[in-house]
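*Asks:* I'll drop the sequence and a predicted model, then ask my questions.
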Number of protein chains: 2
Amino acid sequence: MKTQQNDAGGDAGKVQVQDPLGEQAPEPVASKPLSPRDRVIQDVVRGLYEGRLEPGQRLVEAQLTEQYGISRGPVREALNRLAAMGVVDLLPQRGALIRILTLKDAIDSLQVVQGLVGMSARLAAEHSSDDEGLERLQHAAADIMRFDPASPSADHAKARDAFYSALTAMADNAALRRVMMQVHIHLIRVQFRSLLRTADRRRHRDYTDIVEAVAAGNSSRAERAARAHIGRSISALEAFRAAEKPA
Amino acid sequence: MKTQQNDAGGDAGKVQVQDPLGEQAPEPVASKPLSPRDRVIQDVVRGLYEGRLEPGQRLVEAQLTEQYGISRGPVREALNRLAAMGVVDLLPQRGALIRILTLKDAIDSLQVVQGLVGMSARLAAEHSSDDEGLERLQHAAADIMRFDPASPSADHAKARDAFYSALTAMADNAALRRVMMQVHIHLIRVQFRSLLRTADRRRHRDYTDIVEAVAAGNSSRAERAARAHIGRSISALEAFRAAEKPA
DNA sequence: AGCACTAGAATCGTAGGACAATTTCGGTAT
DNA sequence: ATACCGAAATTGTCCTACGATTCTAGTGCT
């Protein structure tokens, strides 16, 4: 018997455009009954966080229909959405499987993330007068620090996402928010957490630096700090690549 | 149990992800019979280029099923994909409509595009030894110049896309390619072409500058040129915003 | 044994019909 | 004109079905 549990995370409230992975609403209000399709999407993503799903694992339609007690239509729609998000690969006539990132894929992604997060930090700093956003950001940063860098957990990953989410929200750029959702940093971490552990050591200071720069409204310092932060992860992966294939 | 295979270092056999809007194959060979779903996607996007579809226009499922002679399943999947691409907005219980960009949306997007294209140009310049890619880029640039800046056309838009596509391809960064497909510059142009006309005057020189810097392997100059190019569009829109709401 | 080949099983992509829930529209009453 | 109400349109989902493609495993040949 499959144990798909109910919702735990909040979800967006007022947005018109649907957004299964949206940020949690500030208000603890009603979690309305999620549509079947969105339930699948949420649960797959959550499954990645929780380690329930592994890269390369196949997602068979028939299996999902049974697991969630829904029909193929919504399942297929969910898989399409997940594919568009870059969470799964959809192979023609062969179904969906959790996306496998090569080392190059991961580095490529992080380079893009570096640019995007840097931009987020810069824009966020330019909006340092947004007290509410700033508070959320500080709260998110403080939240992350509670976790032990050595032992990864789903909550840890969520906290990290909340931080980036707060940062991006503060940047107040819808397009940026959109593409940030697409890069899915957590996918990278899921697959390469062992390699990223060394990079995680400076984490605390990194987050502090970013938050401080943003709070101070120092946009270029914020951008630099954010880029440096991601840069550490990139370096870790590149060091490994160099060691692996010294070609 | 996990039927997992390799992880990090390993190169997981290269999967061919489907890509309805992908670049057209360089070879004029077989146009494989597109799946119904992809046909819809392609045609909607093409419709935007050609002005057949307008922002805000509703896409009714029943209408599409008839128009393409397919059933609702594929239609709904196509709409989901288009929504994930940011081409349409999907309103719960109300269907899909071609996305309407506010002026702020457009500026936000262009700011992101500026970062991404700048990055593309920089990476492309770092791969200036890629003769094939370079040739494609030069060809694409030459192609654009054939069009009259004053009279927009679908072919013109396609040529422009081909240029960015070539640039991004040369950057050799899968993640970058992925997010570039997401920002959909053409959507912006479709809605704001009148405002962008002034920015288009320097176009020829802009493209030449970018191509030259890339060819010369001068990455920072390439990035600067690319950012400047997009920057002109941003300025045009911001000037208009300032004029509209001087609040 | 080892390998090519083929039949069957599994799975996908799509069709088509049905129905409740929700939104939109048109007409009627105030 | 405005408010209200019921009919029509539209979406979200379920179900069944079937050809096409891929995977699996067993058969037969060298």
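*Replies:* Sure, I can see it.

*Asks:* mind listing what the one residue in chain A that gets nearest to DNA strand C touches?
*Replies:* In chain A, the residue found nearest to DNA strand C is A:Gly95; the distance is 3.0 Å by CB to the nearest atom of the strand. In this view, the C-beta of every residue, glycine as well, is placed from N, C-alpha and C. Neighbouring residues of A:Gly95 by CB atoms under 8 Å, 6 or more residues apart in numbering or on different chains: A:Arg58, A:Leu59, A:Val60, A:Glu61.

*Asks:* buried ones among those residues?
*Replies:* A:Leu59 (16 or more other CB atoms under 10 Å in any protein chain shown).

*Asks:* neighbours of the closest residue to A:Arg39 other than its chain neighbours, how many?
*Replies:* Closest residue to A:Arg39 apart from its sequence neighbours, by CB to CB, 6 or more residues apart in numbering or on different chains: A:Tyr68 at 6.3 Å. Counted by other CB atoms under 10 Å in any protein chain shown, the residues lying close to A:Tyr68 total 18.

*Asks:* worst-scoring helix or strand of chain A, pLDDT-wise?
*Replies:* Between all helices and strands in chain A, the lowest mean by mean pLDDT, DSSP states H and E belongs to helix A:185-196, at a mean of 86.

*Asks:* thinking again about what came up before, quick check: the residue nearest to A:Arg39 touching A:Arg37?
*Replies:* No: applying CB atoms under 8 Å, one finds A:Tyr68 not in contact with A:Arg37, separated by 9.7 Å.

*Asks:* need the residues touching each of these two.
*Replies:* A:Val75.

*Asks:* between the lengthiest helix in chain A and helix A:185-196, how many degrees?
*Replies:* Using DSSP state H, we find that the single longest helix of chain A is helix A:219-244. In terms of direction (axes from the mean of the first three to the mean of the last three CA atoms, to 10 degrees), helix A:219-244 departs from helix A:185-196 by 60 degrees.

*Asks:* could you list every helix and strand in contact with helix A:219-244?
*Replies:* Judged by 3 or more CB pairs under 8 Å, 6 or more residues apart in numbering or on different chains; DSSP states H and E, the packing partners of helix A:219-244 are helix A:103-126, helix A:185-196, helix A:203-216.

*Asks:* weakest of those by average pLDDT?
*Replies:* Lowest mean pLDDT within the helices and strands packed on helix A:219-244: helix A:185-196, at a mean of 86.

*Asks:* how far away is the nearest residue to A:Leu103 once chain neighbours are set aside from DNA strand D?
*Replies:* Once flanking residues are discounted, A:Leu103 sits nearest to A:Arg241: 5.4 Å by CB to CB, 6+ apart. Relative to DNA strand D, A:Arg241 is positioned 29 Å away (CB to the nearest atom of the strand, to the nearest Å).

*Asks:* can you name the residues that contact A:Arg241?
*Replies:* Applying CB under 8 Å, 6+ apart, the residues contacting A:Arg241 are A:Leu103, A:Lys104, A:Ile107.

*Asks:* repeat that for A:Pro74.
*Replies:* Taking CB under 8 Å, 6+ apart, one finds A:Ser35, A:Pro36, A:Arg37, A:Val40 in contact with A:Pro74.

*Asks:* dump the residues you listed into JSON lines; add secondary structure and pLDDT as well.
*Replies:* Listed next are those as JSON lines, based on DSSP: H, G, I helix; E, B strand; the rest coil; pLDDT from 0 to 100:
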{"residue": "A:Ser35", "secondary structure": "coil", "pLDDT": "90"}
{"residue": "A:Pro36", "secondary structure": "helix", "pLDDT": "93"}
{"residue": "A:Arg37", "secondary structure": "helix", "pLDDT": "94"}
{"residue": "A:Val40", "secondary structure": "helix", "pLDDT": "97"}
